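[1] quick one: sequence and predicted model below, then my questions.
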Amino acid sequence: MASTEKTAASPKSEAPPPVEVAAKCPFNYSFVDVALRVLLFAATLTSLVVMVTSKQTKLIPLPAPPTFREAKFNHSPALIYFVAALSVTGLYSIITALASVSVILQPAYSKSFLLFFAFMDVVFLGIVASATGAAGGVAYVGLKGNSHVGWIKICNVYDKFCRYIASSIILSLFAAILLVLLSMMSSFTLYKKIRD
């Protein structure tokens, strides 16, 4: 009988179940944010340099005497819009990279900065995506032409120019992907800060 009394007394001495505490993520997203914003600046700057330096002069045999014709980015309004949009996005990436560094140094204003980043990253994603689409449309017509309206392809003549345009568009697509990541990360980090 003594053994049954000891087993009955042992449950009373057990500790209460542990209270679940929300585990905070030890990973600091601010450093990744700064790195992605610097990478965004590098991508937009490289894309701009490639686009602005894309020009080629060729001897074109027309029905009249052959003449030299030049292909430059500023001959197309879509490519001018592309340069303007990526210039503004590059400036935005510098400003927000500096703001992200200030958030690391003084985290008191982090929620308001994250809200600003979440909104503005989406706005600049739309700008970069529309500029890339416009430039891509012009590049496609230059590559393939359009027989329905009589637009001839020019990439068989201006091959260097078209390679530069294609490289610049690929870099701007990379910049758009970076903006998607930045937007998602800003929203997620803001969510975690509000929840905590």
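    Okay, I see it.

[2] centre of the chain to stretch 76-88, how far?
    The gap between the average C-alpha position of stretch 76-88 and the chain average comes to 16 Å, counting by Cα atoms, centre = their mean, to the nearest Å.

[3] what's in contact with that stretch?
    With Cβ atoms under 8 Å, 6 or more residues apart in numbering as the test, stretch 76-88 has contacts from 44, 47-48, 51-52, 73-74, 124, 127-128, 130-132, 134-135, 137-138, 165, 168, 172, 175. Any C-beta I mention is one placed from the backbone N, CA and C, and that applies to glycine too.

[4] just the buried residues out of those, in ChimeraX syntax.
    Entered in ChimeraX, the line below selects the buried ones among these, by 16 or more other Cβ atoms under 10 Å:
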select :44,47,48,51,52,73,124,127,128,131,132,134,135,138,165,168,172,175
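
[5] out of the contacts of stretch 76-88, which are inside helices?
    44, 47-48, 51-52, 124, 127-128, 130-132, 134-135, 137-138, 165, 168, 172, 175 (DSSP state H).

[6] low-confidence stretches in the chain?
    For the chain, the stretches flagged by pLDDT under 70 are 1-27.

[7] how about the nearest residue to Ile154, chain neighbours excluded?
    Leaving aside its chain neighbours, Ile154 sits nearest to Gly142 (4.9 Å; criterion: Cβ to Cβ, 6 or more residues apart in numbering).

[8] wait, Asp159
    In space, and not counting its chain neighbours, Asp159 is closest to Gln56: 7.9 Å by Cβ to Cβ, 6+ apart.

[9] just the CA trace of the helix or strand where that neighbour lies, in PDB.
    Counting by DSSP states H and E, the element that carries Gln56 is strand 55-60. C-alpha atoms of strand 55-60 as PDB (Å, rounded to 0.1, in the frame of the first residue of the first chain):
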ATOM      1  CA  LYS A  55      24.900  53.100 -80.900                       C
ATOM      2  CA  GLN A  56      26.100  51.700 -84.200                       C
ATOM      3  CA  THR A  57      26.600  53.300 -87.600                       C
ATOM      4  CA  LYS A  58      26.300  51.200 -90.800                       C
ATOM      5  CA  LEU A  59      26.400  51.800 -94.500                       C
ATOM      6  CA  ILE A  60      22.900  51.200 -95.700                       C
END
